[in-house]
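# next come a sequence and a model predicted from it.
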Amino acid sequence: MSTTTYPIAPARSRIPYSVATLMRGRLDEAAWIRPSAVAVTLVSLVLYMWGLDRNGWANSYYSAAVQAGTQSWKAFFFGSFDAGNYITVDKPPASLWLMELSARIFGLSSWSMLAPEAIAGALTVLILLFAVRRPFGPVAGLVAASAMALTPVAVVMFRYNNPDALLTLLLVASAWAMVRALDGGRTRWLVMSAALVGLAFNTKDLQAYIVLPALVLTYVLFGPRRLAARMLQLLAAAGMLIVSSGWWLVIVDAIPAAYRPYIGGSTDNSVLNLVLGYNGLGRLFGQGGPSGAPSGAVVGGGAGFGGATGLFRLFSTEIGGQIAWLIPLAVVSLGVGLWVHRSRPRANLARAGYVLWGLWFATHFVVFSFASGIFHPYYTVALAPGVAALVGAGVVDMWKLRGRSPVGSLILAAALAGTAWWGAQLIARTPTFLPWLGPFELALAIVAGATILAAAWPTLRRRLPDRLPAAALAVGVVAVMLGPAAYSVATVTRSSSGAIPSAGPAAAAAVGPRTSFNGPPPDGLGGTMPAGAGAPEFRGAGIQGNLGSDVIAYLEQHQGTATWLVAVQSANEAASIELSTGRPVMAMGGFSGSDPAMSVGKLAQLVSSGRLRYVVVFSGGPGGGASSAVQQWVTSHGTAVTVGGTTIYDLAPSTG
């Protein structure tokens, strides 16, 4: 009788397969890869979440809009500044939607509003890791993710309620989808990439399109299919881009103005004007606002905020500490990467990756360096993924080149030492902040570079431990990241609030211009300057003035059935009142008070219908003739009431 012997089945893991796979990764990859990816993502999440509530309402302009969106679904859809739906914020509402949904679920608070931004930051780090790992390997992905996580401007913006956090997440996700399209040539990934850019457009308008040259040119040059097929695929992606970008714009502009709020930042109450003007030409050339000035001119761009335009703008006192730490290493990495992969086949994924991230870096660098309109240092968070990706890829390729030629060792050592030297210069701009860190970083990088060079010579190589060069590389990479890491930790340990957030330590000795309007900032503005920032950090809401608690109590007591508690000139005045009372406050001139949203006829109609009763007129407010006419109408038709030294105008019809 014969017997059949079967092989013994391997013992099953006691851990469910899905959980084991999640923690361990695929069987065909090294055991350290998945845990390292999880670790860098969790560390970034902790960094962005730590002490998040110390930022309070962060940018109170957007916080007031979030509050409005939790009180009114109409305000939610339009991105209104107030629940009465008088005017919208001057950006599309996508970033507000995330915060408003969170606040509706968990209740309005600093945590519920800012936590989605922190989560967006951690997701950005993770997706960038995947996008870099596919063409360049796991080490490159981890280095890129670490560089992104520790970029100071990324840390401050992923703890803030400006639209830039969601914008950066969506653009990095679009690049990841493009990498997938380059890898397999499937149309669905191209369409997904375009859809994500469209969503980013509904976050911050035309800034989202800065990545389009990188995405389109890379696929045209390196897509795996024939040229005709690539063109058809890009046509499909273009169709998706138009739909995903334009749906909200078309719907809003199709609604008659009488049934929706005024579009903040526009000159003619249309989203299209906002896109092409204030959020388009206004960013590049300083055009697009009322009377040729951007609607946010009161806190607009110029040398006082973003530094003088030019090739070295991003290295300036105002911006260098935010983004420029690893730019030297990124530039060297791009050059080395293109050289190393120059002879690869046309559709080689690594070469395509260098072109993709190189164009991302170059287009953002040029736009941010030479934009003469509204520009703030925190915009550079959109540049950070390009810098981080190039650093991750370049470190790996320079390491491989080192193994082939002593010249490779020289390039790698020089790149690390040069980047560390630049980091030491940035740290030295704030003499009171860790004065030992710059020299220590530079010394560490020099020792690492010298070790790499020593290992390149055959005579010395035989006397050195085999793993010493790899350890030296790790030390060198850590050295160049010490500066941005220190700035990032300093950012987390202090509060950030106002219209222009900046990363870095709050150091009174920080070098850089301090800008104010019409003399020193009033209460609620300013504070200590973040090191290396140079731009004023607005705190609180009032540029023209704030209402005292006694005035607010009077307004609450006498508001009656009016929709708005009070009307003031700008959102800078209205935001703090709105947040402290939970009631709609009308910002007649939008963000800075210069939007032509109010007219005498419109104001008279609002008063006669009982929707508005009280108006506060602050002297010296921005705005043109229409604003002056409105103020004259208020003072001539209203009854002046003085409360706590503040004069408010009661426009209720006389009952006598």
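Received the coordinates, thanks. Keep in mind it's a predicted model, so treat the numbers as computed, not measured.

# need the helix or strand of this protein with the lowest average pLDDT.
Of all helical and strand segments in the chain, the minimum by mean pLDDT, DSSP states H and E falls on helix 303-306, at a mean of 58.

# what comes into contact with whatever helix or strand comes next after that helix?
Going down the chain from helix 303-306, the next helix or strand is helix 320-323, by DSSP states H and E. If you take CB atoms under 8 Å, 6 or more residues apart in numbering as the criterion, helix 320-323 is touched by 151-153, 314, 377-378, 380-381, 383-384, 387, 426, 429-430, 487, 502-504, 530-533. All C-beta atoms are positioned from the backbone trio N, CA, C, and that covers glycine.

# immediately after the helix or strand hosting residue 470, which helix or strand?
Secondary structure assignment for residue 470, by DSSP H and E: helix 468-492. Note on helix 468-492: by DSSP H and E, the next helix or strand toward the C-terminus is helix 549-558.

# which parts of stretch 208-219 are buried?
Under the neighbour-count criterion of 16 or more other CB atoms under 10 Å, stretch 208-219 has 208-212, 214-216, 218-219 buried.

# check stretch 558-575 too.
Buried residues in stretch 558-575, defined by neighbour count with 16+ other CB under 10 Å: 559, 562-575.

# can you tell me how far the spatially most central residue of the chain is from residue 186?
Nearest to the mean C-alpha position of the chain, by CA atoms, centre = their mean, lies residue 164 at 2.6 Å. In this view, residue 164 and residue 186 are 30 Å apart by CB to CB, to the nearest Å.

# next: residue 502.
For residue 502, the distance to residue 186 - CB to CB - is 42 Å.

# those two: which is more packed in?
Taking neighbours as other CB atoms under 10 Å, residue 502 and residue 186 compare with residue 502 leading, 29 against 14.

# wait, isn't the more buried one in contact with residue 157?
No - counting by CB atoms under 8 Å, no contact exists between residue 502 and residue 157, whose distance comes to 10.1 Å.

# shared neighbours of those two, which are they?
Here residue 502 and residue 157 share the contacting residues residue 378, scored by CB under 8 Å, 6+ apart.

# neighbouring contacts of the helix or strand where residue 648 lies?
In this structure, residue 648 sits in strand 646-650 according to DSSP H and E. Contacts of strand 646-650 from elsewhere in the structure, counted by CB under 8 Å, 6+ apart, are 547-548, 551, 554-555, 558, 566, 613-617, 634-635, 638-642.

# ditto for stretch 123-132
Stretch 123-132 has contacts (CB under 8 Å, 6+ apart) with 37, 40-41, 44, 140-142, 144-145, 148-149, 154, 158, 168-169, 172-173, 175-176, 179, 353, 385, 388-389, 392-393.

# from those residues, which land in strands?
With DSSP state E as the criterion, strands contain none of these.

# which ones among those residues map onto helices?
Judged by DSSP state H, the contacts of stretch 123-132 include 37, 40-41, 44, 140-142, 144-145, 148-149, 154, 168-169, 172-173, 175-176, 179, 353, 385, 388-389, 392-393 as members of helices.

# just the buried members of these?
For the ones in helices among the contacts of stretch 123-132, buried by 16+ other CB under 10 Å: 37, 40-41, 44, 140-142, 144-145, 148-149, 154, 168-169, 172-173, 175-176, 179, 353, 385, 388-389, 392-393.
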